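Engineer: what shape does this take:
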Amino acid sequence: MKILVVDDEQLLVKGIRFNLQNDGYEVIVGYNGAEALELAKSEQPDLIILDIMMPEMDGLTACVKIREFSDVPIILLTAKAEDMDKLMGFEQGADDYLTKPFNILELKARIRALLRRAGQKQDSEAKTLTIGAITLDLDARNAYRSGELVELTAKEFDVIEFLMRNPNRVYSREMLLDTIWAYEYRSDIRTLDVHIRRLREKLEENPADPQYIITKWGVGYYFRK
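Structural biologist: Numbering: from 1, shown residues only. As a prediction, the model looks like this:
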């Protein structure tokens, strides 16, 4: 997923970008409200992290202008903690709000939650999902390889559905566990690896040389489109 991070504190932007890139996100950055507006239009990010107090154009104004052409999820950052500031941010179209200083793990959790919600909204009308020889019937929760029904467990279906909804995007094992299993703690990483192996055995023509469910060594997994 592509995330736009805009803040005039360059060290903060650098830290957020480093952490999000390690989780497999594509990150683009800006340093003032005018850049936020321009990049939101040109890059069409999946989510925006936007500081309120910035030069040229403040974050609240940028948020209002972005809402004129996009419903992209927006997280506002601010050094203030007053409830009135938070209410103003929500009234201007923000989806979430974090007060500086914040824990990067909390920011990541909020990003995941907003992206899940946005994905569910965008895909609510979809009935089937097809990439190559693999088709998912989203209503019946059935999987097919070259037209033939393949029996998947509920969690196997969840994993392949998530990856196919976000093709060519690499996700770390930790992020997939948090997203699909909704773990609030770090679980045994082998849980995911076992599901990936089983999915390859069921959906790939040659599980030893997979065409679709690909490992990005040292990072995680992605579905190749």
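
Engineer: quick one: Lys65 is in a helix?
Structural biologist: Yes - counting by DSSP: H, G, I helix; E, B strand; the rest coil, Lys65 falls inside a helix.

Engineer: close enough to count as contact, it and Leu37?
Structural biologist: Yes - here Lys65 reaches Leu37: they are 5.3 Å apart, a contact under C-beta atoms under 8 Å. All C-beta atoms are positioned from the backbone trio N, CA, C, and that covers glycine.

Engineer: any shared contact partners between those two?
Structural biologist: Each of Met57 lies in contact with both Lys65 and Leu37 under the rule C-beta atoms under 8 Å, 6 or more residues apart in numbering.

Engineer: read off the pLDDT value for Leu60.
Structural biologist: At Leu60, the predicted lDDT confidence score is 90.

Engineer: could you do the one 10 residues further on as well?
Structural biologist: What the model reports as pLDDT for Ser70 is 89.

Engineer: check whether it really touches Ala40, as I assumed.
Structural biologist: Yes - assessed by C-beta under 8 Å, Ser70 is found in contact with Ala40 at 6.2 Å.

Engineer: could you check which of those two has the larger neighbour count?
Structural biologist: Between Ser70 and Ala40, counting by other C-beta atoms under 10 Å, Ala40 is the more crowded of the two (25 against 15).

Engineer: are we agreed that the more buried one is in a helix?
Structural biologist: Yes - counting by three-state DSSP, one finds Ala40 located in a helix.
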